[in-house]
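Enquirer: okay, here's the prediction I keep looking at, along with the sequence it came from:
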Amino acid sequence: MSTAPPAQPNTTPAWAESVYQRLADDDDGRVCKAISDDACRETPGNFMRLLAANTMSTLADSVASAKTTLPWLLLHLGAPGWTASLLVPIRESGSMLPQLLIGAMVRSLAVRKWIWVLGGAVQGACLAALATVALTLQGLSAGIAIVALLTLFSLARGACSIAYKDVQGKTIPKTRRGVLSGWIGSIAGALSMGVGLGLGLLPETGSASVFAGLLAGGALLWVIAAWSFSRIAEFPGATDGGVNGMAEALGRLGLLRDDAPFRRFVIARALAMGSGLAAPFYVALARDALGETVALLGTFILLEGLAGLLSSPVWGRWSDRSSRQVFAAASALAAVLSIAVALAAWSGLSGTAALIAYPLAFFGLGVAHAGVRLGRKTYLVDMSGGNRRTDYVAVSNTVIGGLLLLTGALGALASLVSVPGTVLLLGLCGLLGAAMSLRWEEVSG
């Protein structure tokens, strides 16, 4: 006579239960949607471990941003301008393009958190190497080294991205994933503000040691993040559909043809890419109007952190009710801001007006981009389960990665002709993406 397997012991400490109940508005009578009973018992502890790991990694991304910190570093080291134009496309596409093949490998693993841990360790090592570059290299050699290290960093981040969504889907209930993402953005935003304030107190010109310190700090944050993620209580899951060669992995692209809801998701996400791609153009326009100082860099880092602090909890709770609405609203906000910035730049904005308008617009874009990212991530995790979720993440990120590389290169060329024109085009595409996302099926709740 068969018997059910014994329940796994609960490893969640009492303090984690208490904090979780406050952060997630949950209690012992919670109903865990889309996860196992064993995973449900571990939810409070896993919630706190995911919160710690992803707060540290998000803060590391802020202090070593390809949108702000790395372009300033290249400028300081005298690297050619074309190297700066490659940063955002490589940072974004490099983390997405390999995910179709990575996803096939991840499907073969019953426990997938170690993919994230390994990827986090590699990213920490890359930031430590970038800190060394800041202190030792100049000119073209510095530019090539930074681009090469960022490429490796982005590939490791791709592994983390696909593993994170799958681990989150196995360990956090469906109605608490947006809340978790919201708290991650909020806490990391507050800490980023502190970094920005500190930079604002430094001398106007700064030095290589300032950038090296930022990058070394980011490396340490990744070490802490990897340690926290390694402590997640993840139970073995499905392993069907594992690695069977490149042909099978590429065959997953058939989802775009056969799965209409998924296809609509990918198209709308592609059109809304401007919420991320527009940021360095905002910074370029601001630098042209206001000058190139460390204090200005600190201001942008502070505003990016403030945007996450204020908006992420709101976006997160709204996403648990309707991630579709969050994506649409945030995409529309980013689009309207980009159109307004383009028109302002064409009008010759300068002086006090520019000092107010550009930082305010950058803050608004940060709020919008936080909503776009949180809405699409929550939607993608909620719209599927098991290995289908892994396939969705891998296919969508691979396609978007390729499009990012293409549009990033075209954007770099277009910016040589007109930066405001490039920003306007990104805004118009964003409006189309927002409109298309209204056709998505409702999957939250």
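Expert: The structure has been received and is ready for your questions.
Enquirer: contacts only, for the most centrally placed residue in the chain.
Expert: By Cα atoms, centre = their mean, the chain has its centre lying nearest to residue 373, at 6.7 Å. Residue 373 is in contact with 275, 276, counting by Cβ atoms under 8 Å, 6 or more residues apart in numbering. Every residue, glycine included, has its C-beta placed from N, CA and C.
Enquirer: which pLDDT value goes with residue 353?
Expert: For residue 353, the pLDDT comes out at 85.
Enquirer: buried set for whichever strand or helix holds it?
Expert: Using DSSP states H and E, residue 353 maps to helix 351-382. Residues 354-355, 357-359, 361-382 are the ones in helix 351-382 that count as buried (16 or more other Cβ atoms under 10 Å).
Enquirer: by mean pLDDT, which helix or strand of the protein comes out lowest?
Expert: Lowest mean confidence among the helices and strands of the chain (mean pLDDT, DSSP states H and E): helix 246-251, at a mean of 58.
Enquirer: after it comes which helix or strand?
Expert: helix 255-258.
Enquirer: and that following helix, what's buried?
Expert: In helix 255-258, counting by 16+ other Cβ under 10 Å, buried: residue 255.
Enquirer: so what secondary structure elements neighbour that helix?
Expert: Helices and strands touching helix 255-258, by 3 or more Cβ pairs under 8 Å, 6 or more residues apart in numbering; DSSP states H and E, are helix 260-271, helix 386-417.
Enquirer: mind putting those helices in JSON lines, mean pLDDT and mean neighbour count included?
Expert: JSON lines is the format used below for the helices and strands packed on helix 255-258 (pLDDT from 0 to 100; neighbours: other Cβ atoms under 10 Å):
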{"stretch": "helix 260-271", "mean pLDDT": "89", "mean neighbour count": "19"}
{"stretch": "helix 386-417", "mean pLDDT": "73", "mean neighbour count": "20"}
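Enquirer: for residue 140, find the nearest of the ones you listed.
Expert: When those are compared by Cβ to Cβ, helix 386-417 sits nearest residue 140, at 17.6 Å.
Enquirer: quick check: next helix or strand after that closest one?
Expert: Following helix 386-417 in sequence, per DSSP H and E, is helix 419-437.
Enquirer: kindly calculate the angle that that following helix makes with helix 351-382.
Expert: Using axes from the mean of the first three to the mean of the last three Cα atoms, to 10 degrees, the inter-axis angle of helix 419-437 relative to helix 351-382 is 30 degrees.
Enquirer: so for residue 126, which of the helices and strands packed on helix 255-258 sits nearest?
Expert: helix 386-417 (18.2 Å).
Enquirer: pLDDT below threshold where in the stretch 251-400 of the chain?
Expert: 251, 292, 385-387, 390 (pLDDT under 70).
Enquirer: all good on my end, thank you.
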